[in-house]
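# Sequence and computational prediction follow.
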Amino acid sequence: MSAKPHFYITTAIAYPNGVPHMGHAYEAIATDCIARFKRLDGYDVRFLTGTDEHGIKMLQTAQKAGLTPRELLERNVPRFKAMVETFNLSNDDFIRTTEARHHASSQAIWEKMAARGDIYKSTYAGWYSVRDEAYYAEDETTLNEQGVRLGPQGTPVEWVEEESYFFRLSAYQDRLLAYYAENPGFIMPEARRNEVTSFVSGGLQDLSISRTTFDWGIPVPGDPKHIMYVWVDALTNYITALGYPDEGADLFKRFWPADVHVIGKDIIRFHAVYWPAFLWSAGLEPPRRVFGHGFLFNRGEKMSKSVGNVIDPFDLAATYGVDAIRYFFLREVSFGQDGSYSHEAIVARMNADLANDLGNLAQRSLSMISKNLDGVVPEPGPLSAEDEAILALADGMLEKSREAMEGQAIHHYLNAVWAVVAEANRYFAAQAPWALRKTDPARMATVLWTTAEVIREVGILVQPVMPESAAKLLDLVAVPADERGFDRLGAGHRLPAGRTLPTPVGVFPRYVEPETAA
Ligand code: ME8
């Protein structure tokens, strides 16, 4: 077993009833950034993503398209896998809930919950939203102007009445409330915690956890006429992927309980109420944190297939580049809040933050080393107060970034890095090494070394958000692959003099409007 601290992080598993949209890619990118950050910071990381392939929604979508559910999966799951590839995700596993390992695991957790006495048979009569795959109490629903009854997420609900197995969720109300109170970091951000706490305080009903009217799902052990409620099976994916029901499996021992389940705010109830209760019932620990991120809007409007403004993540990646998109969403949207995006906003970030602030600084300073110092990293002379100050700022980025990332405040981590980039630009302009070339070449060399060292530190720190561009940047300052971890940041590992740098090339392309480019 590794001596490193362990860190297990997951995305939600998406319904492949359609192709991935930018909301899916956003969640995946953010989770990947956190996973990469932790890996570079010395953790033994496990990062899981995948697809949620059962349920009525999948079945109905397939039927409408004249397909079997498996045919629908064959069409769409490869798109989710392509999204993982395209956006350069560093996941260790991709789980599909139709896999045999997952059937075994879901049936095992069911049996554990039944053995605890938490499952009983009765009749369900109430509202169900197929779109949310969720049961709602009558007082959570409303009638719209057309007389259609809607659930709290605004999706239509239908009346369901059938024999069903129930989970004794009501028995876990006090334990859940105590857990939230004792672990204020369990549900993040705070608005989500308040929402869940007030829902649970309002009283929990037992939960219907099986259906008999269709068969696209995992059969209930010992009573195959019943199919498990899709959320019982979906949530279990997080432990299936660690080898459950083998609680002695190496992965399970190392990585359960999960450190963070990253999910969207619409599915917080399933993760912060049902999931801990299922786990306790099965004799397992609840996850340490559930982080509910916000929703992405297209120019302030909710993406919807009927409005025709669903953004294809593959198009965005092709238009702007994968790293620019990763950077844009993680910098622009406060993680945990809703966010909006537009072509103008993406271009502004690409050109200002990436091409100008970071790209130009690297290009200008490194090409001076190339032209004036034969491309060899110079030995710095005595450091001035200004050199010391910018190096101290660069050295301070790691602590600030770590602190931000403890609370998944990805945007704060990036703000901290770009504050240093901005300061490095002011430093470079004020020191004007080009003017020192004739008057004081030794001082010029010191300024260039200092700037290159700041670029090294920034390059190391931006790997989680822009893995490919950061690698190129680090190549430009000749940092070997095994010297790119966060343990190389700070005064103990300065850029060594004497290394030969490659001829600098642009790392962050400026976005030029196609009509202007023509
Ligand atoms: O909910 N912006 O799947 P899903 C940001 N299968 N995030 C968004 C979004 C948007 N516009 N739209 C959706 C499910 N998401 C279940 C999860 S987990 C055991 C089972 C997020 O395909 C959404 O909040 O509807 C969720 O976290 C993820 O995308 C998958 O959504």
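Thanks, I have the structure now. Nothing here was measured: the structure is a model prediction, and the numbers come from that model.
# Let me know how buried Y43 is, in neighbour terms.
By the criterion of other CB atoms under 10 Å, Y43 has 18 neighbours. No exception for glycine: its C-beta is placed from N, CA and C like everyone else's.
# from what I can see it touches H6, true?
Yes - here Y43 reaches H6: they are 6.9 Å apart, a contact under CB atoms under 8 Å.
# Give me the phi and psi for the closest residue to D52 other than its chain neighbours.
Leaving out its chain neighbours, the residue that sits closest to D52 by CB to CB, 6 or more residues apart in numbering is I13, at 4.2 Å. Backbone torsions for I13, taken as degrees, to the nearest 10, come to phi -100, psi 130.
# for V512, same thing?
Per-residue torsions, V512: phi -120, psi 130 (degrees, to the nearest 10).
# Report the beta-bridge partners for the residue of the chain found nearest the ligand.
Proximity to the ligand, evaluated over the chain using CB to the nearest ligand atom, is greatest for G264 at 1.7 Å. Here G264 sits in beta bridges with H293, going by DSSP bridges.
# what's around L358, how many residues?
26.
# I'd say it and G459 touch.
No - in this structure L358 lies outside contact range of G459 using CB under 8 Å: 9.1 Å.
# about what we covered before: from memory the residue nearest to D52 sits against H54, does it?
No - at 10.6 Å, I13 does not count as touching H54 under the criterion of CB under 8 Å.
# Pull up the overlap in contacts between these two.
Residues touching both I13 and H54 (CB atoms under 8 Å, 6 or more residues apart in numbering) are T97, A234.
# which of these two has more neighbours?
The neighbour comparison of I13 against H54 (other CB under 10 Å) goes to H54, with 26 against 23.
# So what touches stretch 111-124?
110, 135, 160-168, 171, 208-209, 221, 278, 281-283.
# Please repeat the previous calculation with a cut-off of 7 Å.
160-168, 171, 208, 221, 278, 281-283 (CB atoms under 7 Å, 6 or more residues apart in numbering).
# So for that stretch, first residue to last residue, what's the gap.
21 Å (CA to CA, to the nearest Å).
# gap between it and the chain center?
Relative to the centre of its chain, stretch 111-124 is centred 34 Å away, using CA atoms, centre = their mean, to the nearest Å.
# Now that stretch: buried residues?
By neighbour count on 16 or more other CB atoms under 10 Å, the buried set for stretch 111-124 is E111, K112, M113, A114, D118, I119, Y124.
# go on, stretch 178-190?
Neighbour-count burial for stretch 178-190 [16+ other CB under 10 Å]: Y179, Y180, F186, I187, M188, P189.
# Just those residues: which are in strands?
Counted as lying in strands by DSSP state E, out of the buried residues of stretch 178-190, are I187, M188.
# Would you mind listing what in the stretch 51-200 of the chain touches the ligand?
Counting by CB under 6 Å from any ligand atom, the residues of the stretch 51-200 of the chain close to the ligand are D52.
# Can you point out the buried residues in the helix or strand where E399 lies?
Under the criterion of DSSP states H and E, E399 resides in helix 385-406. Buried residues in helix 385-406, counting neighbours by 16+ other CB under 10 Å, are found at 387, 390-391, 393-398, 400-401, 404-405.
# Any chance of TSV for those, columns distance to the ligand?
Shown next, in TSV, are these (distance: CB to the nearest ligand atom, whole Å):
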residue	distance to the ligand
D387	43
I390	37
L391	39
L393	34
A394	33
D395	35
G396	32
M397	28
L398	29
K400	26
S401	24
A404	21
M405	20
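# could I get these as CSV with pLDDT and distance to G339?
Output for the buried residues of helix 385-406, formatted as CSV (pLDDT from 0 to 100; distance: CB to CB, whole Å):
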residue, pLDDT, distance to G339
D387, 98, 38
I390, 98, 32
L391, 98, 34
L393, 98, 28
A394, 98, 29
D395, 98, 31
G396, 98, 28
M397, 98, 24
L398, 98, 26
K400, 98, 22
S401, 98, 20
A404, 98, 17
M405, 98, 18
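# Let me have those residues in JSON lines, adding distance to S334 as columns.
Below are the buried residues of helix 385-406 laid out as JSON lines (distance: CB to CB, whole Å):
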{"residue": "D387", "distance to S334": "34"}
{"residue": "I390", "distance to S334": "27"}
{"residue": "L391", "distance to S334": "29"}
{"residue": "L393", "distance to S334": "23"}
{"residue": "A394", "distance to S334": "24"}
{"residue": "D395", "distance to S334": "26"}
{"residue": "G396", "distance to S334": "22"}
{"residue": "M397", "distance to S334": "19"}
{"residue": "L398", "distance to S334": "21"}
{"residue": "K400", "distance to S334": "16"}
{"residue": "S401", "distance to S334": "16"}
{"residue": "A404", "distance to S334": "11"}
{"residue": "M405", "distance to S334": "14"}
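# Distance check, the closest residue to R192 other than its chain neighbours against I268.
Closest residue in space to R192, ignoring its immediate chain neighbours: G292 at 4.3 Å, by CB to CB, 6+ apart. Distance, G292 to I268, using CB to CB, to the nearest Å: 4 Å.
# Can you give me the end-to-end span of stretch 265-277?
OK, stretch 265-277 end separation, CA to CA: 19 Å.
# I meant stretch 42-60, not that one.
45 Å.
# Give me the distance between that stretch and the centre of its chain.
Using CA atoms, centre = their mean, the offset of stretch 42-60 from its chain centre is 13 Å.
# and if you look at stretch 376-388?
39 Å.
# Go ahead and name everything in contact with it.
So stretch 376-388 is contacted by 369, 427, 431, 442-443, 445-446, 448-450, 452, 495-501 (CB under 7 Å, 6+ apart).
# ok, residues contacting stretch 52-68?
By CB under 7 Å, 6+ apart, the residues outside stretch 52-68 that reach it are 13-17, 69, 71-73, 96-98, 130-131, 133, 214, 216-218, 230, 233-234.
# Buried only: go through those for me.
By 16+ other CB under 10 Å, the contacts of stretch 52-68 give 13-17, 69, 72-73, 96-98, 130-131, 133, 216-218, 230, 233-234 as buried.
# one step back: which ones among the buried residues of stretch 111-124 map onto helices?
Within the buried residues of stretch 111-124, residues falling in helices by DSSP state H are E111, K112, M113, A114.
# ok, which residues in the stretch 201-350 of the chain are in contact with the ligand?
So the stretch 201-350 of the chain meets the ligand at A234, L235, N237, I263, G264, D266, I267, F295, L296, M303 (CB under 6 Å from any ligand atom).
# Need these in a markdown table (columns: pLDDT).
Shown next, in a markdown table, are those (pLDDT from 0 to 100):
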| residue | pLDDT |
| --- | --- |
| A234 | 98 |
| L235 | 98 |
| N237 | 98 |
| I263 | 98 |
| G264 | 97 |
| D266 | 95 |
| I267 | 97 |
| F295 | 95 |
| L296 | 93 |
| M303 | 69 |
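# Mark which of those are part of strands, please.
Going by DSSP E, the strands hold I263, G264, L296 from these.
# Nice, that's everything, thank you.
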